[in-house]
Every structure is written in structure tokens, then in C-alpha cells.
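A.B. asks: have a look; sequence and predicted model below, questions after that.
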Amino acid sequence: MITQVGEWFDHRLQLAAPVHEVAEHPVPKSTASWWYVFGSAALVVFLLQLITGIMLALIYVPSGSEAWNSLQNLNHDVTLGWFIRALHGWGSNFMVAIVLIHMVQVFLFGAYKFPRELTWVVGIFLLLMTLGMAFTGQVLRFDQDAYWGLGIGASIASRVPVLGPVIVKLMLGGPIIAGATLSRFFALHVFVIPGMLIAFVALHLLMVIKLGINEWPMPGRLVKRATYEREYHQLTLKEGAPFVPYAVWKDLFFAAFILLAVAACAAFFGPFGPSGQPDPTIIQTAPRPDYFFLWLYAVLSFLPPSMETPALLIGPVILIGALLLLPFLSGEGEKSWRRRPIAVLTILLVAVALATFTHLAGYTPWSPHMNAWSSDPIPEKVLHGSTALQRQGALVFQAKQCRNCHSIGESGGQRGPALDSVAVRLTQDQLIRQVIQGGGNMPAYGKNLSPAEATALVAFLETLHPAGQSPAHNAALGEAQQKSASSQ
Amino acid sequence: MSTDNTISRRGLFMKAGIIFNGLVATALAVPIVRFLLSSVTRGRANRYLSWVSLGAVSQFPEGETRLATFRNPYVTPTDGKTADTACWVRRIEGEQFQVFAINCAHLGCPVRWFPQSGLFMCPCHGGAYYQDGSRASGPPERGLFEYPYKVENGLVTIHAGELATPGSPTASLFGKKPPCAA
């Protein structure tokens, strides 16, 4: 009976034969490996994103005035709304991570070489679209971070020569970040980019099937345009095994494991935000991007001002250009990472750089601690035995927000150097000069300190040296002058 | 079936059909592109900017810098709170003011004013500005953006309506400050 129904449908659809052909196409036996599971895992997480995304769209309202409320409704009122939001949020983090891991594996296994150049190029577009989905998704979580994140995006776009203002207006859909901005990011996140993603994923998969999965690279087995396809044919048709079930079971296990991991993170950590309402008049906020853009956040605070615009505008072009050109510049030759030390070092360098920047963005040493001046106490041992003038100086130090950028006793901002031993580094004259005139990235405080305040502040700073280490003094002055200088 | 040099009736019709579709598509593209670019063309025509009041002069004590908010002059029905905008108003003396955009000149984060140290500080990448808006330290390349203002009937009004970004057309309206506070 079931066979008959099946035959009835297949007589009309005629899909059984091509599906069998695809499922049972022979693959090199060496590819039935745990290293070959990331592509399919990315596809499965993408499907999860599609399903949870449609679920969220049942409740979410893409309106500047309602989006935040509809997210609260999802989090708190709709049954398991929080869990679907959490699945979608964690799914996006996993998808970015898996796509990157997949790319690293493909790079290290030389899978981008002849004849799979176009598969790699389409893959780069898929990576860019995945990052595009991540950014637009962060915008749809229309909270303070989303609002100011858009402001940062607009500021970067505005630096494009000549076309900057046009791009900003196109991006925002109006003169300011408002309802129209959210609506167009909704259209991008829900229609435009997913549509392109589906088309490009189909193309990517089609090429994987038509050209065959990359064989396990053997050191010394070089790719040559003239002979590669014949050699690959030998590996698949003569020595290969059908993809289903020979290799597919590892893909299935890993995909299920990843889905389980996403669900576990979602259940354990819950959904992301939303943080405060997107009200631009609430300025007590320190906006931060989601984790996949944290490295960029760090880079933007370290670049010298003159380098920033060129780096922001030219950097991505060079980076994406290099990735797109890679298979055309090294389309032949060695595939194995064992014989490609520069490839391995490049991956290590990029990984270490990204990890370092992401780690730094976790505690933002470049940002002033906006509340340190009013909330961080001066350590008791610093004040112990100090004079009235020095204590007055400590008050000035706090009241003038010096603490926002300078730490004492490991609390306070890290924008400027820690001052626990500043008296060892700078003489009294140098301290006065630094405070009054600023310099080396420190603002000048001359206009905002009365002479009495400046004297008190420097008197306090001079007490900041480790026990047993004497403060710096001007060697050009005699001992008597030294004494009179420090007693002034 | 047509050979190389002859055009069959069907072939001609097919070509005419393609050309016909091309013409219709081009005609339809005009309103679609105009729709897409509407936010740009409106901006070109300067229809986003107008004078908005920040309140009476007496709300802003001399020698102090206060936060003021205004509703963006151009709003759409779904803007909600996002059309409310903040700015810093510094009353130097009498009717002499400086009105700064809230957005850091680096990447647009909201700067905060610290009257005790006379500095604007940005929470994002650590930009700092002096009380007159000039750059003090950090990654910004320039001082804070300034709105043109006038005092009319005892009200402080500013010419506003667009997000302050380094390359916005309004940036030319925003006064550029010399990089040194002096």
C-alpha cells in the first residue's frame, strides 16, 4: 500500500532517482571524518534559525515604537517565547562560530583549490551574509545597544568619501535612527538576506555535489589542473564509498550534538536582552556590540585617529578581496596543512589577534569608568598618615573625575596609567605640568583647577609611591632646594 | 526554426517580447528607484532640517552646561521614543550659547558632561572634549558637532533634524572647533 502511494507520487514528481543519486554519490573514503562535519552543521543551524525566526515573526512587531514592547511580551508573556528568542540568539552565535570553523577547515585542507574555486567564493559571500544577518538581527533587538550600534554603523558609513551622506540616509531610511530604520533592517533580516542565503547555500551545495567533496589532503600529492580530476575520479569511483550511509552518520551525530548545545545554552543562559528602551534621551549607557563584533569594537579604540578612516574603508575591501582572490592565486599545488606553514601561521595569527581583541573588549580598558569618581573609594593605606593638604588633594582627585581614567589600588578607569607609583615616575614639577597642560592623550586641567586645588592634587600624587621606594626628584636641584621645593 | 540570416516570425515575436519586457521593466524601475532613494532626495531638498525650541533662556544658567531634549522636527508614525533627541546646551553668558550634538564625533556614542572637571567623556572608545566642545583626547579627529542656534522671544532654538555624523551634509552647518583648547 505504502509502496503504491510512493510510486503514485514518484510517477508524478520523478524525484526518487535524482535524490538516490545525490545521497549515494561516491565520496573518497578518507572524507568520512569528524573534520568534515562543519558544513552540514552550519546548514542545520541555518534551518533552526529559519524555523525559530518564523516563530518570532508571529509575535514581533517591526515598529520603532512597538518592537521593544513586543520583545518584552515574548520574554515574559508568550508561552516559551523566551526560549524561542534564546534559541534564535544562541543559534546566531553558533552559526557565526561554525561558519568560521568550517572556513578554517576548508582553508587548512586546501579545499578551495582547483576545481573548487567558485565553491570557496560563494562560501565567502555566505560568510558575509551570515555576518550581515548577525548585525541586522542585533538591530531588530531594538534596545539601547541596537540604537547606538546603528549610530556607530552610520558614523562609519558617513566617512565614505562623497557618497557618505547618501549611504547614511539610505541605511537609516530618513534623517535619524527611527521607525523607518528598524523597518528596513527588518526587511533586510527577514526577506533580502535570507533569500540570498538560501539561493547561495543551494549553489554552494550544488557545487559540492557536482565537483565532489574535497579528498583528505596527503602531503606531497599536488593538485595539477591537468590531472586532478582524473585522480579524484579514481578516489571516488574506484576506491570510494556511497555518501549515505558511509559518511553521513558523522554529519548526523554532529548536527544533533550542535542543536543540543544550542538548546542547552538557550535553556541555561536564556535570551539576549533586550537591554534598556531605545530612547536616545537616556544617555547613561555604554553601548556594546554582540560578541562577534567585539574585536572590531577594540580595534576602533586602538587605531590612531589619522589611520581610522582609511582602515575602516580600505581594510574590509582588502580583506574581502584577498579572501576572494585566494583560490585564483593558489589554485594548484600542495593541499596538506603539513606542508603549508604560512597558511597555518596565518590562521594562528588571526585567531590570536581576534581572541586578544575580543578579550580586551570584555573589559574595555580604553573607556573611562563613568562612575569611578563617585563610587570607588581611595584605599585606606594611601591616606594613612597623610597631611590635611594631601587629603584635600585626594578629594580633588576624586571630585575632578581623575579616577574615571586613572586607577589606584586596582580600581578606577584604565584609560590612563595606574597612579599607584606615579610619584616614582614623575617629579613634582612634571606632575604639575602634566596636570595643568595635559599631553600624551590626557586633557589639560589648567582651566578647571584653582592654584590651591592644583597644589593639593600634586601633594596627594606625590604620596603615591610604594613603601621603600622614594619619590622621583629633580637631580639638577641641590638638596636644600629639593627640601624647600617639596615643602612648598 | 530560423537559420543564421533569416528571422522567422516566431523569432521576431520573441525578440519583440523581450524588448517589450525591457521597456516595461525600465519604466517600472523609475518609480521603484525613486521610492528607494526618497530619504536621500528629501535630505537633498533640505526638508529634514528646521528650527526647534529647546526652552526658555532662563532654563540655562550662565556658565553652565545642561542636557536638553527636543522632538526631531521630522517624524513618522512609528518613530516612538527614537525621535526624541538629546543635546548639550552651554550658556556662556547672556545670549551667547553653544549647543552640542549628543553624538561623539568619533562613532556617535552619547557623550556625558562632567561639570567638575569641565569635560565631555564618551563611554564607547574614550573620547574626551573640553567644555567648548574642542577635542581633548582619545580617538575623535575633531571637536563635538555644534548646532546653529538663535535666541528668539526668550527661547533658545537650534537648527536640527539630522543625525550628527562626521560626513553628514549638516556637518558643514555644525561649527568646527580648532583642535586646541587653549
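C.D. replies: Received the coordinates, thanks.
A.B. asks: next, the distance between the ends of stretch A:224-232.
C.D. replies: 11 Å (CA to CA, to the nearest Å).
A.B. asks: give me the domain ranges for chain B.
C.D. replies: B:9-36, B:49-172 (automatic domain parsing).
A.B. asks: tell me the mean pLDDT for the longest one?
C.D. replies: To tie it back to what came earlier, the one meant is domain B:49-172. What domain B:49-172 shows for mean pLDDT is 89.
A.B. asks: with the shortest one instead?
C.D. replies: When pLDDT is averaged along domain B:9-36, the result is 96.
A.B. asks: in the helix ranked longest in chain A, which residues are buried?
C.D. replies: As assigned by DSSP state H, the longest helix anywhere in chain A is helix A:81-108. The neighbour-count check on helix A:81-108 (16 or more other CB atoms under 10 Å in any protein chain shown) flags A:81-100, A:102-103, A:105-108 as buried. To be clear about C-beta, it is placed using only N, CA and C from the backbone, and glycine gets the same treatment.
A.B. asks: just stretch A:272-279 next, same as before
C.D. replies: A:Phe272, A:Gly273, A:Pro274, A:Ser275, A:Gln277, A:Pro278, A:Asp279.
A.B. asks: can you give me phi and psi for B:Ala101?
C.D. replies: phi -70, psi 150 (degrees, to the nearest 10).
A.B. asks: ok, now A:Pro26?
C.D. replies: According to degrees, to the nearest 10, A:Pro26 has phi -70, psi 140.
A.B. asks: that one and A:Thr236 touch, don't they?
C.D. replies: Yes. Using CB atoms under 8 Å, A:Pro26 is in contact with A:Thr236, at 4.5 Å.
A.B. asks: am I right that A:Ala423 sits in a strand?
C.D. replies: No. Membership of A:Ala423 in a strand is not supported by DSSP: H, G, I helix; E, B strand; the rest coil, which gives helix.
A.B. asks: what distance do you get for it to B:Ser117?
C.D. replies: Separation of A:Ala423 from B:Ser117 (CB to CB, to the nearest Å): 22 Å.
A.B. asks: same question, A:Trp34
C.D. replies: When CB to CB is the yardstick, A:Trp34 and B:Ser117 sit 57 Å from each other.
A.B. asks: and the two? Which one has more around it.
C.D. replies: B:Ser117 (23 against 10; other CB atoms under 10 Å in any protein chain shown).
A.B. asks: may I see the buried residues of the longest strand anywhere in chain B?
C.D. replies: Criterion DSSP state E: the longest strand present in chain B is strand B:84-93. The neighbour-count check on strand B:84-93 (16+ other CB under 10 Å) flags B:Asp84, B:Thr85, B:Ala86, B:Cys87, B:Trp88, B:Val89, B:Arg90, B:Arg91 as buried.
A.B. asks: including distance to A:Pro287, could these go into a markdown table?
C.D. replies: Formatted as a markdown table, these follow (distance: CB to CB, whole Å):
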| residue | distance to A:Pro287 |
| --- | --- |
| B:Asp84 | 17 |
| B:Thr85 | 16 |
| B:Ala86 | 14 |
| B:Cys87 | 18 |
| B:Trp88 | 18 |
| B:Val89 | 23 |
| B:Arg90 | 24 |
| B:Arg91 | 29 |
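A.B. asks: pretty sure A:Met129 sits against A:Ala199.
C.D. replies: No. Counting by CB under 8 Å, A:Met129 does not reach A:Ala199; the two are 10.1 Å apart.
A.B. asks: what about the two, which has more around it?
C.D. replies: Neighbour count, other CB under 10 Å: between A:Met129 and A:Ala199, A:Met129 has more, with 18 against 11.
A.B. asks: sketch out the strands for chain B, chain order is fine.
C.D. replies: Under DSSP E, chain B gives strands at B:50-56, B:65-71, B:84-93, B:96-101, B:112-114, B:119-121, B:128-130, B:135-137, B:146-147, B:149-152, B:155-160.
A.B. asks: just to revisit the earlier point, just say which of the domains of chain B is most tucked in.
C.D. replies: domain B:49-172 (a mean of 20; mean count of other CB atoms under 10 Å in any protein chain shown).
A.B. asks: what's the following helix or strand after the longest helix of chain A?
C.D. replies: helix A:117-140 (DSSP states H and E).
A.B. asks: from the chain's centroid, how far away is that next one?
C.D. replies: Remark: helix A:117-140 is offset 14 Å from the chain centroid, using CA atoms, centre = their mean, to the nearest Å.
A.B. asks: now it: mean pLDDT?
C.D. replies: Helix A:117-140 comes out at a mean pLDDT of 96.
A.B. asks: hmm, that helix touching chain B?
C.D. replies: No. Counting by CB under 8 Å from any CB of the partner chain, chain B has no neighbours in helix A:117-140; the shortest distance is 12.1 Å.
A.B. asks: what angle separates that helix from helix A:81-108?
C.D. replies: Angle of helix A:117-140 versus helix A:81-108, following axes from the mean of the first three to the mean of the last three CA atoms, to 10 degrees, is 150 degrees.
A.B. asks: tell me what helix A:117-140 is packed against?
C.D. replies: helix A:81-108, helix A:144-157, helix A:179-187, helix A:193-211, helix A:305-329 (3 or more CB pairs under 8 Å, 6 or more residues apart in numbering or on different chains; DSSP states H and E).
A.B. asks: in chain A, mark out all the strands, start to finish.
C.D. replies: A:26-27, A:241-242.
A.B. asks: possible to save these as TSV with mean neighbour count and mean pLDDT?
C.D. replies: Converted to TSV, the strands of chain A look like this (neighbours: other CB atoms under 10 Å in any protein chain shown; pLDDT from 0 to 100):
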stretch	mean neighbour count	mean pLDDT
strand A:26-27	20	90
strand A:241-242	15	90
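A.B. asks: nearest to chain B among those would be which one?
C.D. replies: strand A:26-27 (41.4 Å; CB to the nearest CB).
A.B. asks: for the residue in chain B positioned nearest to chain A, give me its contacts.
C.D. replies: Chain A sits closest to B:Gly80 of chain B, with a gap of 2.7 Å, by CB to the nearest CB. Shown in contact with B:Gly80 (CB atoms under 8 Å, 6 or more residues apart in numbering or on different chains): A:Ser63, A:Gly64, A:Ser65, A:Glu66, A:Gly179, A:Pro278.
A.B. asks: could you do A:Met171 as well?
C.D. replies: Taking CB under 8 Å, 6+ apart, we find A:Met171 in contact with A:Gly153, A:Ala154, A:Ala157, A:Thr181, A:Arg184.
A.B. asks: give me that answer again for 6 Å
C.D. replies: The contact partners of A:Met171, by CB atoms under 6 Å, 6 or more residues apart in numbering or on different chains, come to A:Ala157.
A.B. asks: for A:Ala32, see how far away it is.
C.D. replies: 46 Å.
A.B. asks: format the helices and strands packed on helix A:117-140 as CSV; extra columns: mean pLDDT and distance to A:Glu117.
C.D. replies: Formatted as CSV, these follow (pLDDT from 0 to 100; distance: least, CB to CB, whole Å):
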stretch, mean pLDDT, distance to A:Glu117
helix A:81-108, 96, 12
helix A:144-157, 91, 31
helix A:179-187, 95, 33
helix A:193-211, 96, 10
helix A:305-329, 91, 4
